[in-house]
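1. sequence plus the predicted model coming up.
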Amino acid sequence: MIVFFLRRLAYMALTMAVVSALLFLLLELTPGNVATKVLGPYSSEEQRNLWLEAHGYSEPLYERYISWLGNFISGDFGQSLRFKVPVSEVLWPRLWNTAVLGFWTFAVMIPLALVLGVLAGMNEGSALDRTISVTCIGTTSVPEFASAVFFVAIFVFWLKLLPGTSGMANGFTFQELILPVMVLVVYDFGYVARMTRASMAEVMTQPYMRTAVLKGLPYRQVILKHALRNALITPFTVITLQINWLLSGVIVVEFFFAYKGFGALILEASLNQDIFLIEACSMVAVFVAVVSQTIADLSYTYLNPRIRFA
Amino acid sequence: MTDKSKKKIHQAVPELANKLAKGDIDRREFLRTATLLGVSASAAYAMAGGVAGSQFVSSALAATPKKGGKLRVSMNVKEIMDPATYDWGEKGNVARQFIEPLVRIDRNNMAQPHLAEGWSASDDLKTWTFKLRKGVKWSNGDDFGADDVVFNFKRWLDPATGSSNQGRFSAMTRKIDTGKKDKDGKKVMSTVASEGAVEKVDAHTVRFNLNRADLSLPESMADYPALILHRHFSDEGGNLAKNPVGTGPFALKQYAVGEKAVLERRKDAPWWGGDVYLDGVTYIDHGDDPSAQVAALASDQVDTNYQTSVEQIDTIKAIPNLVLLEAVTAQAGVARMKVTEKPFDNKKVRQAIQACFDRKRMLDIVYRGLGAVGEDHHVSPIHPEFAELPALKQDYAKAKKLLVEAGYPNGLKVSIDCVSNPTWEQNTCKALAEMCKPAGIEMAINIMPGGTYWDRWMTTPFGFTSWTHRALGVQVLNLAYRSGVSWNETSYSNPEFDRLLDEAGTKIDPNERRKVMAKLQAVLQDDAVIAQTFWRSVFVAANKRVQGTFAQVALEHHYEKVWLA
């Protein structure tokens, strides 16, 4: 177990090092001048050169990378060019906002998807199964940017029920969270439900299920005790992987609803070549990816004692 | 210049008044030129009223303004650390609620003294004396005065500041040899303030000594990087967001880039301009998605916005509690060709591209006809000195002939860079490309984020650049087409053009200037460095409860007299 952990940790550190070095290199190769971003298009060549020199850009790339890496390890993420404040000052609040959005999305989506998936899988081929399956395929095929427009047209412009943007300018309100959560749930629940259904349907055909039913156990107990525990392993993996998806999948939704989260931040940082902010965001993304995978792997041992880590 | 001449009105003013009486110039031209030459606005209006027999009706509000309430504005909230390096109007809008310029462009597109009380110019337009407003208090308790203005100008003209004002006030700069050599062994030159350019006369008077006549000096002081900072700005950290000392009607209370800016009515001292009706102004950032702004307006999350794109006009009009405000401007997009790059170093290629355009159709397709057609010389019909030239016509036969002469008998492939947002810019490029096809010119469109475009706007061979509003025609010609100036994106250099531009800069009377302008415009049009599609109007949406607001030509927010019904 400890070996497993250490290996994962080493894997994470390696990924972070590779990603950060690549990003530095890529941004260096991207045509364009960071001084233009800061001083604006109307600055003169001389003014830009003076700025570059004053901000350490005249040193070679590897020196800048190593000094960034040293600072990063010691917890100093550098200064954002776009926001003109330390990176950590914008990064953590934005990450928190996305966590809030993610939490509520999961809080709605997981029960909904599991219930629908289990119901469909229990009665494979029934009218209920077909209805659920078709609905799931339908909602999952509509991309977020389309459903977002759709929901805004209905709930904001037509019914005038909900606020059109979710900037939380006057503090957190649930009202502003409804539409982004709705869009994310509608997009994602179908996928998880379909996975659950497939897994459930497979379990339902297992011999031990037939045995349990035939030996006279109440059907309710058969489903809850025998079927679910086995059927939920697949959806569980899928769900933990959704955490990863959510981190980048929210970009569209956050952009559309002006929600001040991590996705919108990545977008803004990339469009503005805000190198330290991009680096920090990517490190967070790698961290979340590796951690969520590790959690998924570890949970297997609980859900399925047959899985062991070497 | 003697002390006496400072007090007397400029020699050209009585002449102008005569022309107004005879109907040679219109009232607006008179007002503009007279105020530019230092006649106070009220005096100019009185003169115009007296001369033309018409009474100036103030834009006073019909109802009595009500105090209270906060105005919520949807606008990108960008960093505002240093006004001298501002490159977006949005930055200026947050800052101008608490720091102010010397001169402001009002709703009639006229330069009005703001922190300045008035100004006068020497007859050769090289020496300008600015009287500053007395009794203006900074929010830290200091008095505003000449030291503040001198500090700002010196800072702008210092190359290390990186301010675009260095280009704006280039008549106060000179080039010096730094003694260093670059990689190619060429001398590294530096642009610095010329000796004695900015001079403190007394506590409330500043004199500017220019190398050349500049008619538009007051107008240049109205641009957003020219907001006046406290004289200790640099010593106190040089960060406006952290240390928001200002003279304006509001005070910055909270600031989060990309999220919001909260301003409240100033409490430490009354604002010099009298009553301020709003309790505060809150800017809310809805990102770069224009539909988010509309959704916010529709669900009453905000009262007004920074700008409504032309695509959204119908939506805004369909929402009953909103009004659409329009400003006719001299903002324009130009497909500019770099004369030092192939194939645009050949004038015939440039002229061939120009000949492909049907400008009226372009305006109708891309901008719904809301503007005026461009004529490839970057002087707008709303500029006072605009000279009417024969209209340009789409002429494919001519385009093909020019291409053959230029050595491209089998057609030509070019690629234009443009920004993805606002969409009218890429739409214009798409229309340009379609119109070029029949002449055998294949125009690829390279759409990119604004940030990327502004990295290369000075260097790309072919790019679509949007230029903001400038009140005078000579202003933009000086900034963009004079040989060697820093924003000369086409690398255009024509001694004849420069000479005419110098001449135009000394003609105070718009009618006299127009005669020179006719030649200037014709030269620029014939040299074909830009294909200019149209002049566009700009739009702002506002809730009906917002009173006294208007769409300003440069989309500036003047909120000190705005109130909520």
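-> Okay, I see it.
2. any idea which helix or strand comes after the helix or strand of chain A with the lowest mean pLDDT?
-> Each helix and strand of chain A was given a mean pLDDT (mean pLDDT, DSSP states H and E); the minimum falls on helix A:34-39 at a mean of 74. Per DSSP states H and E, helix A:34-39 leads on to helix A:45-54 as the next helix or strand towards the C-terminus.
3. identify each buried residue in that next one, please.
-> Within helix A:45-54, the residues scored as buried using 16 or more other C-beta atoms under 10 Å in any protein chain shown are A:E46, A:Q47, A:R48, A:N49, A:L50, A:W51, A:L52. Every residue, glycine included, has its C-beta placed from N, CA and C.
4. convert the least confident helix or strand of chain A to CSV, retaining C-alpha atoms only.
-> The C-alpha trace of helix A:34-39 is given here as CSV (Å, rounded to 0.1, in the frame of the first residue of the first chain):
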residue,chain,number,x,y,z
VAL,A,34,4.7,39.4,-23.1
ALA,A,35,5.6,43.1,-22.8
THR,A,36,2.9,43.9,-25.3
LYS,A,37,0.4,42.2,-23.1
VAL,A,38,1.4,44.3,-20.2
LEU,A,39,2.1,47.7,-21.8
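5. all strands for the stretch 401-550 of chain B, in order.
-> Using DSSP state E, counting those that start in this stretch, the strands of the stretch 401-550 of chain B run over B:412-419, B:441-448, B:462-467, B:530-543, B:546-547.
6. enumerate every residue touching A:G249.
-> By C-beta atoms under 8 Å, 6 or more residues apart in numbering or on different chains, the contact list for A:G249 reads A:E144, A:L184, A:Y187, A:D188, A:G263.
7. in contact with B:P384, which residues are there?
-> B:I25, B:R28, B:E29, B:R32, B:T33, B:L472, B:G473, B:P510, B:R513.
8. make CSV out of these and add pLDDT, neighbour count and distance to chain A.
-> Converted to CSV, those look like this (pLDDT from 0 to 100; neighbours: other C-beta atoms under 10 Å in any protein chain shown; distance: C-beta to the nearest C-beta, whole Å):
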residue, pLDDT, neighbour count, distance to chain A
B:I25, 74, 21, 32
B:R28, 69, 15, 29
B:E29, 72, 20, 29
B:R32, 70, 23, 25
B:T33, 74, 27, 27
B:L472, 88, 26, 18
B:G473, 90, 28, 20
B:P510, 81, 24, 27
B:R513, 90, 26, 26
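9. for A:L184, pull up the helix or strand it's in.
-> Short version, using DSSP H and E: A:L184 is in helix A:174-204.
10. run through who's touching the next helix or strand after that helix.
-> The helix or strand immediately downstream of helix A:174-204 is helix A:207-214, counting by DSSP H and E. Helix A:207-214 is contacted by residues A:V203, A:Y219, A:V222, A:H226, A:A227 when judged by C-beta under 8 Å, 6+ apart.
11. what's the angle between helix A:207-214 and helix A:174-204?
-> Between helix A:207-214 and helix A:174-204, the angle formed by their directions is 90 degrees, by axes from the mean of the first three to the mean of the last three C-alpha atoms, to 10 degrees.
12. pLDDT (mean, whole number) over helix A:207-214?
-> Here helix A:207-214 scores 89 as its mean pLDDT.
13. same question for stretch A:119-126.
-> 90.
14. just the terminal-to-terminal distance for that stretch.
-> For stretch A:119-126, the first-to-last residue distance is 10 Å (C-alpha to C-alpha, to the nearest Å).
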